[in-house]
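S.K.: One predicted model, sequence on top.
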Amino acid sequence: METIERTLESQKNIALVAHDNQKPALMRWCARNQDTLTQHTLYGTGTTGSLLRKTGLDVNCLYSGPMGGDQQLGAMIAEGKIDVLIFFWDPLESMPHDPDVKALLRITTVWNIPVAINEASADFLIACEYFGEKFVTQIPDYSDYLIGRTN
Ligand SMILES: O=C(CO)COP(=O)(O)O
């Protein structure tokens with residue numbers, strides 16, 4: 001597939017999500033990185049975002065994951081409205097909305113956004129010089145894709 005450039009601005013739109021068993025770890029991680037996170041625009045699924053708001057972070061809350069929050073985030077990623085996903089998902093518990101979780105992770109790959117799936121990868125990502133700077137990525141050329149399918 002043809003690709004085009006997409007520039008992630010220095011102030012990023014960051015999605016924060018954690019499954020229940022991972023919420024304490026994400027809360028601690030956000031507290032540790034509060035100064036950096038406040039320089040960006042934050043989004044979260046319903047419960048994660050509401051808990052983070054209680055700690056003083058300005059998080060735009062979507063629906064709770066099992067009620068459609070993962071799908072809302074997926075749509076925002078496809079529309080270029082989310083630049084980075086921090087998702088502390090739970091590998092040891094089955095979720096009623098597992099198809100939504102898979103779909104969310106899949107769409108991050110389709111649109112080539114940086115993703116952290118656990119604390120160590122989140123530490124790497126936030127330590128990266130590009131976290132607070134412009135960063136150019138390659139994304140699918142959707143216009144070209146559509147032309148190819150409709151010609
Ligand atoms: O289920 C989730 C992600 O799959 C997260 O949803 P909550 O933040 O509402 O718990």
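M.R.: Everything's here; your move.
S.K.: Near the residue in the chain that the ligand sits nearest to, how many other residues are there?
M.R.: In the chain, the residue that lies nearest the ligand is residue 65 (2.1 Å; C-beta to the nearest ligand atom). From N, CA and C alone the C-beta is placed, and that goes for glycine too. Each residue near residue 65 was counted by other C-beta atoms under 10 Å, and the total is 27.
S.K.: And it, how far from residue 17?
M.R.: Counting by C-beta to C-beta, to the nearest Å, the gap between residue 65 and residue 17 amounts to 7 Å.
S.K.: between those two, what contacts are shared?
M.R.: 45, 48 (C-beta atoms under 8 Å, 6 or more residues apart in numbering).
S.K.: Identify the bridge partners of the most centrally placed residue in the chain.
M.R.: With distances taken as C-alpha atoms, centre = their mean, the residue of the chain nearest its centroid is residue 85 (1.9 Å). Beta bridges link residue 85 to residue 15, residue 115, judged by DSSP bridges.
S.K.: I figured it hits residue 15, correct?
M.R.: Yes - in this structure, residue 85 sits in contact with residue 15. The criterion is C-beta atoms under 8 Å, and the distance is 4.8 Å.
S.K.: quick one on the thing from earlier: so what's the backbone phi/psi at the residue of the chain closest to the ligand?
M.R.: With angles defined as degrees, to the nearest 10, residue 65 sits at phi -50, psi -60.
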